[in-house]
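Coordinates for the following, if possible.
(one chain, ligands or ions: 1)
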Amino acid sequence: MQDIFQKNGLNGSFKGMSEMGTARPNPDCTDPSCCLSVKKVSYTVSERVGPWWDLSTFKKKWTRQILNEVSFHVDSGQIMGILGNSGSGKTTLLDAIAGRIGNSGNLLGEIFLNGRKLKTEQFQDCFSYVLQVTAVMAELSLGHVAHSVIGGRIFPGISGGERRRVSIASQLLQDPKVILLDEPTTGLDSMTANQIVVLLAELARRDRIVIVTIHQPRSELFRIFNRIAIMSRGELVFCGQPEEMVDFFSSCGYECPEYCNPFDIYVDLTSVDTRCSEREAATYSRMHDITSAYQNSEIYKSMLERIEQSCQRPDKPMIPFKNKESPNCLSKLNVLLRRTVRNVSRDRMGILMRLSQNLIYGLFIAFFLMKLGKDVTKGAVQDRIGLIYQAMGASPYTGMLNAVALFPALRAIADQESKDGLYQKWQMFLAYIIHILPFSIISVFIFTSFLYWIVGMNPDPLRFLCFSAVVMVPHIVGELLTLVLLGVVQDPNMVNSGVALLNIAGIMVGSGFLRGFKQMPVVFQWLSYLTFQKYGCELLIVTEFYGLNFTCTPLAGMPGACLVDSGNMIIDQGYPGALSRYTLDFLLLYAFLPALVILGIISFKIRDHLIKR
Ligand SMILES: Nc1ncnc2c1ncn2[C@@H]1O[C@H](COP(=O)(O)OP(=O)(O)OP(=O)(O)O)[C@@H](O)[C@H]1O
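As a prediction, this is how the structure comes out:
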C-alpha cells in the first residue's frame, strides 16, 4: 500500500495535508487532460403497490423515480463532493456512473469521457469505485459485531481510517482516471474524515477526477472541493463551485448565517421533511423552487455548455481505460490462496474447531456404541450398520458448517473485488477449496483414527485406510455442495437447509439402510445412482463386513436369530456384487469431487450475472 501511495505522490501518510493546507486541486481547470460529463441520467424502478399477501394491491405496480435527469461536468484535477440527505440518490448516482446499477430498473441518459460517449459495458473499465465500508459489513451480516470481526479477523488490527485507505489504495492499482467513492468518511471521527478528503484531493491533483458522496462534511472542506453537488429526491438541486454555491443560495433568499456550516444549512434547505404532510408540501415546494432557480442559472447553463464543448471537440482525447494488465490465472490463485490461508490462520480457535469437530462427533458415537461385538443376537450387525450410517450421513454436516461459517465473508469480498476486475469469483472459490483440503484430510484422519480403533472395527490397517478414504468424501462433498449453492443462493441459512435436505434425501435413497434397493420403486433405484451415499455405503459395508464371522447365542422364541453367520451374507443379500464393484465404487465416489468443483465454477460464473449491484 505504501508503494501505491508513494507512486501516486502521497508518501504513504497524511503528511501532505499540512503542506497543502486547504488548497484546492486544479482550481482553474485551464487544461484538463480528461473530463467526465454526465448528461440527463435518470433511473426509475417499478415497485409493487402492496405486500404479497394482499393480492389486489400486489398485482399493481407503480414507477418510482430514483434519479431525475441528473447532469454535471467535472474536469481532471478536480474533486467533486456530492451531498444530500439520506435517500436522496447519491449512491444510486455513483452506481449509475460506475455501471454497477442492477437491471431491476430503467436507466436513461448518457455518460461521456473526454467527450466520447461510453457504452454501458465500458463503464466498469473506466471508473474505480470504492464502496461504503459499511455496505461490505452489511453484506457480511457483521454489523452487530463490526469492530470485533472486521477489526480482528478479516482485517486484523487496522483502524477505520486505515481501512478506507486500503480500499482506496487497492483501487489505485489499476491507475484509474476517475475514482468514485461512496461515503468514504462515514463512521470516522471528523479529523480522520478530513484527512481522507484531503488525501482524495491530493489524488485528484495528480490529474484525476475524484467524486465522493459525503455526509456532514466539516466547513473547512469547503475550500477543498472544486465542485459541490447537492441532491434531494433524486434531483440535482445544485452543482457548482463552493463560492458559487454561497452566492446562488443567497440569490434565492437563503443567506448562510454567520458561524454556520454552509454544507449543513444548504442540505437542510433542500431536503424534504416527510414528518407531516404540511411540512412535506412546504419543503418539497422549496426544494422544487431552488432546483428551478438552479436550472435557470448561469452556473447550470455554462455547465451544459462545457458538456457540449467537450462533445463537439474535433480532437477528442481517447477514453482513458483502467490499466488491465494483471497477473496470470495461476498467480491470482496463488495470491488468493495465500490470503485465505493467512486470514484463516489468524483465527486459532477456528482452526482448532475445524480440526476437532469430527473428533468431537466421533466421541459421541464411541460413547454410544462402546465396543463392537461379534454376537449377532447382541447387535453385531445392527451396530456396524448404524456406525456406517452415522459416518456417511453426518460427515457432510461438518463440512457444510465450515463453509457456511467462513465462505460468505470471502464471497462478499470476491463480489466487490471481481467487480473491480482484480480476479474472477470462481478463482476465489477455487482458492477456498484448495485451502480446505488439508483441513479436511487431517480432521477426518483424527476422527477415523480415534473411532475405528476405539470401537473395534475390522482390525486391518488397509481397511482402516479405506474406511478413512471413504469417510473423507462425504465431509468434503458437504463443504463443496454448500459452496456450489452459495454461488447462486445469497442467504446462507437457505443454503444450510438445502444441503441438509439433499443429504437426508441422499442417505435415504442411496444407503439402502432405510429400505433395501430391491424394495424401492424403480425411480428411486435409478436416483440412488446419483447419490454419493450409494457408493460410500456400499464401500463401507464391504470394508467392514467382508470376511467377518459372527457368533450367536441362540435365543428362546427367536429361532431365526442365528441365520446370519458371516459378513459375506450381509453383502450378498443387501449389496449383491458389491465386492466386484469395489474399485469402481471408489472411482465413482471420488468422481463427485471434481464434478462438484466444475459445478462450483459454473455456479460462480452464474453469480457474475446475478450480482450486478
Ligand atoms: N433498485 C432499487 N429499487 C428500489 N428502490 C431503490 C433502488 N435503488 C435505490 N432505491 C431507493 O432510492 C433512494 C435513494 O437511494 P440511495 O441509496 O441512492 O440514497 P443515498 O442518498 O445514497 O442514501 P444514504 O445517504 O442513506 O446512503 C432510496 O430511497 C432507495 O431505497
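
Which single residue in the stretch 101-250 of the chain comes nearest to the ligand?
Closest approach of the stretch 101-250 of the chain to the ligand (CB to the nearest ligand atom) occurs at residue 104, with a separation of 4.9 Å. For glycine as for every other residue, the C-beta is placed from the backbone atoms N, C-alpha and C.

what residues does the protein put near the ligand?
Contact residues (CB under 6 Å from any ligand atom) of the chain with the ligand: 45, 66, 84, 86-92, 102, 104-105.

Now intersect the residues you listed with the helices, please.
Among the residues of the chain next to the ligand, DSSP state H puts 90-92 in helices.

circling back to that earlier point, farthest-apart pair in the residues of the chain next to the ligand, please.
Greatest spatial distance among the residues of the chain next to the ligand (CB to CB): 84 and 104, at 21.8 Å.

mind listing the strands for the stretch 151-300 of the chain?
For the stretch 151-300 of the chain, the strands defined by DSSP state E, counting those that start in this stretch cover 178-182, 209-213, 227-232, 235-240.

strands paired with the third one, and their directions?
Right, the one you point to is strand 227-232. strand 79-84 (parallel), strand 235-240 (antiparallel) (DSSP bridges).

Neighbour count and pLDDT for the ones in helices among the residues of the chain next to the ligand - can I get that in a markdown table?
Formatted as a markdown table, those follow (neighbours: other CB atoms under 10 Å; pLDDT from 0 to 100):
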| residue | neighbour count | pLDDT |
| --- | --- | --- |
| 90 | 23 | 93 |
| 91 | 21 | 91 |
| 92 | 23 | 93 |
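
any idea how far residue 107 is from the closest residue to residue 252 other than its chain neighbours?
Once flanking residues are discounted, residue 252 sits nearest to residue 293: 5.2 Å by CB to CB, 6 or more residues apart in numbering. Remark: distance between residue 293 and residue 107 (CB to CB, to the nearest Å) = 27 Å.

One more: residue 533?
In this view, residue 533 and residue 107 are 48 Å apart by CB to CB.

For residue 253, the count of nearby residues, please.
9 (other CB atoms under 10 Å).

re the thing from before, tell me which of the strands of the stretch 151-300 of the chain sits nearest to residue 41.
Comparing the strands of the stretch 151-300 of the chain by CB to CB, strand 235-240 comes nearest, at 9.5 Å.

Could you point out which of the strands paired with strand 227-232 sits nearest residue 327?
strand 79-84 (31.3 Å).

and the closest one with strand 178-182, angle?
Relative orientation of strand 79-84 versus strand 178-182 (axes from the mean of the first three to the mean of the last three CA atoms, to 10 degrees): 30 degrees.

from here on, count from 829
Got it, the first residue is 829 from now on, which makes the last one we talked about strand 907-912.

mind checking how far strand 907-912 is from the chain centre?
Its chain's C-alpha centre and that of strand 907-912 lie 27 Å apart, by CA atoms, centre = their mean, to the nearest Å.

Which residues does it contact?
Residues from elsewhere that reach strand 907-912, judged by CB atoms under 8 Å, 6 or more residues apart in numbering: 852-853, 900, 902, 918, 921-922, 1025, 1028-1029, 1032, 1037-1043, 1045, 1049, 1052-1060, 1067, 1091, 1094-1095, 1098-1099.

average pLDDT across it?
The average pLDDT for strand 907-912 rounds to 94.

Can I get it in CSV? Just the C-alpha atoms.
Backbone C-alpha positions of strand 907-912 (Å, rounded to 0.1, in the frame of the first residue of the first chain) are rendered in CSV as follows:
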residue,chain,number,x,y,z
ILE,A,907,-12.7,16.7,-6.7
MET,A,908,-16.4,16.8,-6.5
GLY,A,909,-18.4,16.2,-3.3
ILE,A,910,-22.0,15.0,-3.6
LEU,A,911,-24.1,16.0,-0.6
GLY,A,912,-27.7,15.2,0.3
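
And what about residue 864, helix, strand or coil?
Secondary structure of residue 864, reduced to three states by DSSP: H, G, I helix; E, B strand; the rest coil: strand.

now residue 1271: how far from residue 1259?
19 Å.

returning to that earlier point: which entries within the residues of the chain next to the ligand meet the buried criterion?
873, 894, 912, 915-920, 933 (16 or more other CB atoms under 10 Å).

Select the helix or strand of this protein having the lowest average pLDDT value.
Within the chain, no helix or strand scores below helix 844-848, which has a mean of 38 by mean pLDDT, DSSP states H and E.

residue contacts, residue 1360?
1301-1302, 1305, 1334, 1338, 1417, 1420.

same thing but at 7 Å, please
Residues in contact with residue 1360 (CB atoms under 7 Å, 6 or more residues apart in numbering) are 1301-1302, 1305, 1334, 1417, 1420.

ok now do the residue nearest to residue 1127 when sequence neighbours are not counted, which residues does it touch?
Setting aside the residues directly before and after it, residue 1127 is nearest to residue 1068 in space (CB to CB, 6+ apart), at 4.3 Å. By CB under 7 Å, 6+ apart, the contact set of residue 1068 is 1055-1056, 1076, 1127.

For residue 1068, name its beta-bridge partners.
residue 1056.

And it, what's its pLDDT?
So residue 1068 comes in at 94 (pLDDT).

before we move on, what about the one 10 residues further on?
Each residue has a pLDDT score; the one for residue 1078 is 92.

what's the spacing between stretch 1368-1377 and its chain's center?
With CA atoms, centre = their mean, you get 46 Å for stretch 1368-1377.

Equivalent analysis for stretch 1317-1325, please.
How far stretch 1317-1325 lies from its chain's middle: 13 Å, per CA atoms, centre = their mean.

If we go by neighbour counts, what in that stretch is buried?
1317-1318, 1320, 1323-1324.

Same check on stretch 924-939?
In stretch 924-939, counting by 16+ other CB under 10 Å, buried: 924-929, 933, 935, 937, 939.

Out of those, name the ones that lie in strands.
Residues of these located in strands (DSSP state E): 933, 935, 937, 939.

From those, pick the one nearest residue 1210.
Of those, the one sitting nearest to residue 1210 (CB to CB) turns out to be residue 933, at 60.7 Å.

In this structure the closest one contacts residue 870, no?
No - using CB atoms under 7 Å as the test, residue 933 is too far from residue 870 to be in contact (9.8 Å).

Which residue lies closest in space to residue 1090, excluding its sequence neighbours?
Nearest one to residue 1090, counting by CB to CB, 6+ apart, is residue 1084 at 4.5 Å.

There's contact between the one you found and residue 1092 in this structure, I believe.
No - with contact defined as CB under 7 Å, residue 1084 does not reach residue 1092; the gap is 9.4 Å.

quick one: which of these two has more around it?
Applying other CB under 10 Å to residue 1084 and residue 1092 shows that residue 1084 carries more neighbours, namely 18 against 15.

OK, contacts around the more buried one?
1074, 1077, 1090, 1093.

What about those, which are in helices?
In this view, the contacts of residue 1084 that belong to helices under DSSP H are 1074, 1077, 1090, 1093.

Out of those, which is nearest to residue 1164?
For these, the nearest to residue 1164 is residue 1090 (46.0 Å; CB to CB).

Tell me the spacing between that closest one and residue 1100.
Distance from residue 1090 to residue 1100, by CB to CB: 20 Å.

Residue 943 now?
Residue 943 is 35 Å from residue 1100, by CB to CB.

what do you get for residue 1168?
From residue 1168 to residue 1100 the distance is 46 Å (CB to CB).

cool, residue 1349 as well?
If you go by CB to CB, the gap between residue 1349 and residue 1100 works out to 64 Å.

before we move on, what about residue 1323?
Residue 1323 is 41 Å from residue 1100, by CB to CB.

now swap in residue 961 and tell me
For residue 961 relative to residue 1100 (CB to CB), the value is 28 Å.

So which of these two has more stuff around it?
A count of neighbours by other CB under 10 Å puts residue 961 above the other of residue 961 and residue 1100, at 22 against 19.

Break the protein down into its domains, please.
Following automatic domain parsing, one finds the domains of the chain at 902-928+947-1140, 1178-1438.

worst average pLDDT in those?
Here the lowest mean pLDDT among those goes to domain 902-928+947-1140, at a mean of 81.
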